[in-house]
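Student: quick one, structure for this:
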Amino acid sequence: MNNARTNPLYTWYGDDFTGSTDVLERLGLAGVPTVLFTGLPNEGDLRAFADCRALGIAGQSRSQGLEWMDTHLPQMFALLREMGAAVNHYKVCSTFDSAPHVGSIGRALELGMKAFGCSFAPVVVGAPHLGRWVVFGHLFAADRRQVHRIDRHPNMQHHPVTPMNEADLRLHLALQTGLRMGLVDLAAFQQGNAQVRLQQEIARGAQAIVVDGVDQATLTETGRMVQELAAEQPLFAVGSSGLTYGLLEYWRSAGLIAAAPEPAQPAAVDRLLVLCGSCSPATARQIEWARQNGFAHWHVDPETPWDALRPEVERALAAGKSVVLYTALGAQTITESYGAAFSARLGEELRRLLLASGVRRVVVAGGDTSTHAVKQLELRALTFTASLTPGAPLCKGHAQGSPLDGLELVLKGGQMGPDNFFAWVRDGHCMPQIF
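Tutor: Sure, this is the predicted structure:
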């Protein structure tokens, strides 16, 4: 690395691509110069974004087993540590869905603490701006109608790969790691002694310390505590974009960053290409809205004859239509044929369609689909363009010398966005930010 490079304020590794852009959005809205690399950056990548104060790497550990994590995460964490930031964040989904055998947050905690030489790590999951709250160590999440304990959430309790059947994050993590659990709860925040409680948990040997988060005040106080701990030595933390939000509020109050700029308003485009690999009800409603409102649409699966389908899609795009390609309309049984290889094939077809049609704005829905499909676009990095709906920003792709350099894309988690979200992306509509 270039030793003359200024150390960033903050680095993160996202366990999937959609979650990684969630953090990119938080930082971008705050006006912090930020880049998200789509893989391990090389010297040229780092030089190209030398002015950035926050750097991230979009990963895929959420869909991987322990052997993959043991092989790949140490080199990711080693690079983050070399960058020299005080706070280093393993970014997970705010629904915290994970399991001992796949996407193990517990194993990531162990590897990250070892890489950074930490005896403990804060676990900050609450993200009220996304409808996620942690109260006395228990995770709650909103759907369209109400707030549910995560193990009773109509979608998350039936997740096809990592169902959530335990709301107490300490118990959930204890199935994935032998690290000693701790908690800084809401009562400690209300009594004004959250920092005292955190120090007590550290003193008694707690290693994975869950921190409640219910509103701006609790997250800002958490950001202060984390940043002050990181002043002593580089800190490794696990959490959602709620951790990023808390850090930003503290950085601004401490004069480390300037006031947030006015939000950008993106221009409309004439056509949009959408690739959906999500099984969520929210994405199903978005697909159905698009089907009823003029989008050309095709269902695709591992047996799709692409040589026959591709010309049909190209003709629709050439006629000025927006297009949705989708693998499911709501919940379905996931088989091996719908795994990483299928997502990569979808990405290959997406690249062909983009190059043939000249479409310059795309949506990819679904965490695993985004992770594996976007890699086929060979983009080296993403930067923030605008916030369309919380957690699913419009980004700009960077790939010097490629015809896809400058491609605008949204990587959308399954639960994100209103029913007419695809039209919002096409038309450049922005939803007000609500904490």
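Student: show me what L183 is bridged to.
Tutor: V210 (DSSP bridges).
Student: residues touching it, list them.
Tutor: By CB atoms under 8 Å, 6 or more residues apart in numbering, the residues touching L183 are F136, G137, R170, E201, I209, V210, V211, D212. Just so you know, the C-beta spots here come from the backbone N, C-alpha and C atoms, and that holds for glycine as well.
Student: repeat for G126
Tutor: 94, 132-134, 139, 211-214, 218-219, 240, 242.
Student: which members of the residues you listed are classed as buried?
Tutor: Among these, the ones that count as buried by 16 or more other CB atoms under 10 Å are 94, 132-134, 139, 211-214, 218-219, 240, 242.
Student: mind putting these in TSV, secondary structure, distance to S104 and pLDDT included?
Tutor: Output for the buried ones among the contacts of G126, formatted as TSV (DSSP: H, G, I helix; E, B strand; the rest coil; distance: CB to CB, whole Å; pLDDT from 0 to 100):
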residue	secondary structure	distance to S104	pLDDT
S94	coil	17	93
R132	strand	20	96
W133	strand	24	98
V134	strand	19	98
L139	strand	17	98
V211	strand	20	98
D212	coil	23	98
G213	strand	22	98
V214	coil	27	97
T218	helix	27	97
L219	helix	25	97
S240	coil	17	97
G242	helix	21	96
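Student: can you map out the strands along the stretch 51-200 of the chain?
Tutor: 54-58, 87-91, 121-124, 132-135, 138-142, 147-149, 181-184 (DSSP state E, counting those that start in this stretch).
Student: tell me how far the last one is from the chain's mean position?
Tutor: The one in question is strand 181-184. Offset of strand 181-184 from its chain centre (CA atoms, centre = their mean, to the nearest Å): 24 Å.
Student: how about the shortest one?
Tutor: Mean-position distance between strand 147-149 and its chain equals 21 Å (CA atoms, centre = their mean).
Student: which secondary structure elements does it contact?
Tutor: strand 138-142 (3 or more CB pairs under 8 Å, 6 or more residues apart in numbering; DSSP states H and E).
Student: which one among the contacts of G126 gets closest to D427?
Tutor: Using CB to CB, the shortest approach to D427 within those belongs to S94, at 27.2 Å.
Student: name the nearest of the contacts of G126 relative to F342.
Tutor: Distance to F342 across the contacts of G126 (CB to CB) is lowest for S94, with 26.3 Å.
Student: correct me, but the closest one touches A127?
Tutor: Yes - applying CB atoms under 8 Å as the test, S94 and A127 come out as touching, 4.3 Å apart.
Student: any residues in contact with both of the two?
Tutor: S240, S241, G242.
Student: what about the nearest residue to L173 once chain neighbours are set aside, distance to A423?
Tutor: Leaving out its chain neighbours, the residue that sits closest to L173 by CB to CB, 6 or more residues apart in numbering is G106, at 5.3 Å. In this view, G106 and A423 are 40 Å apart by CB to CB, to the nearest Å.
Student: of those two, which one has the most company?
Tutor: Each of G106 and A423 has its neighbours counted (other CB atoms under 10 Å); G106 has more, 21 against 18.
Student: report pLDDT for that one.
Tutor: For G106, the pLDDT comes out at 98.
Student: ok, it - contacts?
Tutor: Per CB under 8 Å, 6+ apart, neighbours of G106: S98, P100, L173, A174, L175, Q176, T177, L179, A208.
Student: quick one: which of the residues you listed is nearest L353?
Tutor: Distance to L353 across the contacts of G106 (CB to CB) is lowest for S98, with 33.1 Å.
Student: before we move on, back to that, out of the contacts of L183, which are buried?
Tutor: G137, R170, E201, I209, V210, V211, D212.
Student: ok, what's across the strand from V124?
Tutor: V124 has these beta-bridge partners by DSSP bridges: V211, G239.
Student: pLDDT below threshold where in the stretch 301-435 of the chain?
Tutor: Applying pLDDT under 70 to the stretch 301-435 of the chain flags the ranges 331-337, 431-435.
Student: hmm, back to that, distance check, the residue nearest to L173 against W424.
Tutor: In terms of CB to CB, G106 sits 37 Å off from W424.
Student: now G330
Tutor: Distance of G330 to W424, given as CB to CB: 21 Å.
Student: before we move on, the earlier item: and which of the contacts of L183 is nearest to F37?
Tutor: For those, the nearest to F37 is V211 (27.7 Å; CB to CB).
Student: quick one: the helices in the protein?
Tutor: Assigned by DSSP state H, the helices in the chain fall at 17-29, 43-48, 66-83, 105-116, 169-174, 186-190, 194-203, 216-230, 241-253, 281-292, 306-318, 340-357, 367-374, 421-427.
Student: dump these into CSV; add distance to K412 as well.
Tutor: Formatted as CSV, these follow (distance: least, CB to CB, whole Å):
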stretch, distance to K412
helix 17-29, 6
helix 43-48, 25
helix 66-83, 24
helix 105-116, 22
helix 169-174, 25
helix 186-190, 31
helix 194-203, 34
helix 216-230, 23
helix 241-253, 14
helix 281-292, 8
helix 306-318, 20
helix 340-357, 14
helix 367-374, 8
helix 421-427, 7
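Student: so for R152, which of these sits nearest?
Tutor: helix 169-174 (14.1 Å).
Student: so for the closest one, what's the average pLDDT?
Tutor: So the average pLDDT for helix 169-174 ends up being 98.
Student: for it, which positions count as buried?
Tutor: L169, R170, H172, L173, A174.
Student: want to try CSV for those, with distance to R271 as columns?
Tutor: Shown next, in CSV, are the buried residues of helix 169-174 (distance: CB to CB, whole Å):
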residue, distance to R271
L169, 43
R170, 48
H172, 43
L173, 45
A174, 49
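Student: closest to W251 among these?
Tutor: Using CB to CB, those come closest to W251 at L169, 25.7 Å.
Student: now do the same contact list for the closest one.
Tutor: So L169 contacts F96, V123, V125, V134, G137, H138, L139, V210 (CB under 8 Å, 6+ apart).
Student: rewinding a little: and which of the buried residues of helix 169-174 is nearest V196?
Tutor: Among these, and counting by CB to CB, the member closest to V196 is R170, at 19.8 Å.
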